[in-house]
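>>> no sequence for this one, just the structure:
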């Protein structure tokens, strides 16, 4: 199944969420010696290579080595990972940093604890006959994208680029039938499936067209769970970083075996293609020449992200870096 994009939660959801927050189960008590702490981790989509580092950590025993018994809860089109964590149905989750910051500004009780990806995988899918090289190549084009996407608003407002925007659909039908058509995508996902269906397709990261748009993808925790079990969060972050590093620089077979059992529909070629895209674009491990590394959050980048969301009118109220994230779990290089 092709990944869905910009699963932005409507504003009214957050008001409803505040009424039910706290109705989840009580966080687990500290473990007795020799036992492992149960941790529920909510993903934003069905099991896929974009979650591969977590499955690698599970398969390789990295979570167990940190004293954790981790259950990875799969998401889906309407899974509501923020809801699950905020209400205590899950302890930690992952997703787009913009969405998490926006939710926190609306009162949702979660907090960012690490970066999952140094750079968001969101891109624009195009046919090679009509390529996109710079942001100005979008002018006058037809793009299928989420209308509430921050990058859409930014490109239109700051760069003055005009394009026809069509609501995002979860398939490639329109793209395959129109070689001038553009579609929002994950560079780790849709390009592979478009090529498998015969298109000469490629994709460009939104952040490469518009350097002002460069959000993290993040790991976040419920505030109550974080306050009561900071050591568990630290163990989870450490094991996840180890899992992602192993997945992308070592042998990904353990994670892929687990993914294959959970998702028999995933082609081996797709998993290899996703890993290549994550490596080529330095999405997860980052660019060492820029001081980036797996898991790293910096106060400066978070502040720029908040300032952009404020400029685009996305935030309901002003928030600071300390309101949305803690940097205490980021391991030293």
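Good, I have the coordinates. All values derive from a computational prediction rather than experimental measurement.
>>> Can I take it that residue 203 is in a helix?
No - if the criterion is DSSP: H, G, I helix; E, B strand; the rest coil, then residue 203 is strand and not within a helix.
>>> which residues sit in contact with it?
Contact criterion C-beta atoms under 8 Å, 6 or more residues apart in numbering gives 123-126, 185, 187, 190-191 as the residues in contact with residue 203. Placement of C-beta: from N, CA and C, glycine included.
>>> which ones among those are found in helices?
Among the contacts of residue 203, DSSP state H puts 190-191 in helices.
>>> Can I get the contacts of residue 203 in JSON lines including pLDDT, neighbour count and distance to residue 244?
Conversion of those to JSON lines gives the following (pLDDT from 0 to 100; neighbours: other C-beta atoms under 10 Å; distance: C-beta to C-beta, whole Å):
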{"residue": "123", "pLDDT": "97", "neighbour count": "28", "distance to residue 244": "20"}
{"residue": "124", "pLDDT": "97", "neighbour count": "25", "distance to residue 244": "25"}
{"residue": "125", "pLDDT": "98", "neighbour count": "26", "distance to residue 244": "25"}
{"residue": "126", "pLDDT": "98", "neighbour count": "29", "distance to residue 244": "29"}
{"residue": "185", "pLDDT": "96", "neighbour count": "29", "distance to residue 244": "22"}
{"residue": "187", "pLDDT": "97", "neighbour count": "26", "distance to residue 244": "17"}
{"residue": "190", "pLDDT": "96", "neighbour count": "23", "distance to residue 244": "22"}
{"residue": "191", "pLDDT": "97", "neighbour count": "21", "distance to residue 244": "22"}
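>>> and which of the contacts of residue 203 is nearest to residue 313?
Using C-beta to C-beta, residue 124 is the member of these that sits closest to residue 313, with 22.8 Å.
>>> I'd say that closest one and residue 143 touch.
Yes - using C-beta atoms under 8 Å, residue 124 makes contact with residue 143 at a distance of 7.1 Å.
>>> picking that back up, could I get the contacts of residue 203 as CSV with distance to residue 237?
Conversion of those to CSV gives the following (distance: C-beta to C-beta, whole Å):
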residue, distance to residue 237
123, 27
124, 31
125, 32
126, 36
185, 29
187, 25
190, 30
191, 30
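>>> Surely residue 113 forms part of a strand?
Yes - remark: residue 113 belongs to a strand, assigned using three-state DSSP.
>>> show me where pLDDT drops low in the protein?
Counting by pLDDT under 70, the chain shows low-confidence ranges at 1-34.
>>> ranges for the helices of the stretch 1-150 of the chain?
11-20, 52-59, 62-65, 81-86, 97-105, 150-158 (DSSP state H, counting those that start in this stretch).
>>> Output these as a markdown table; include the columns distance to residue 73 and mean neighbour count.
Supplementary listing: the helices of the stretch 1-150 of the chain in a markdown table, determined by distance: least, C-beta to C-beta, whole Å; neighbours: other C-beta atoms under 10 Å:
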| stretch | distance to residue 73 | mean neighbour count |
| --- | --- | --- |
| helix 11-20 | 18 | 13 |
| helix 52-59 | 11 | 26 |
| helix 62-65 | 14 | 20 |
| helix 81-86 | 7 | 26 |
| helix 97-105 | 17 | 25 |
| helix 150-158 | 27 | 19 |
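>>> Looking at those helices, which is nearest to residue 257?
Smallest distance to residue 257 across the helices of the stretch 1-150 of the chain (C-beta to C-beta): 7.0 Å, for helix 52-59.
>>> quick one: contacts of the closest one?
If you take C-beta under 8 Å, 6+ apart as the criterion, helix 52-59 is touched by 41, 43, 47, 62-63, 70, 72, 116, 239-240, 242-248, 252, 254-259, 271, 274-275, 284.
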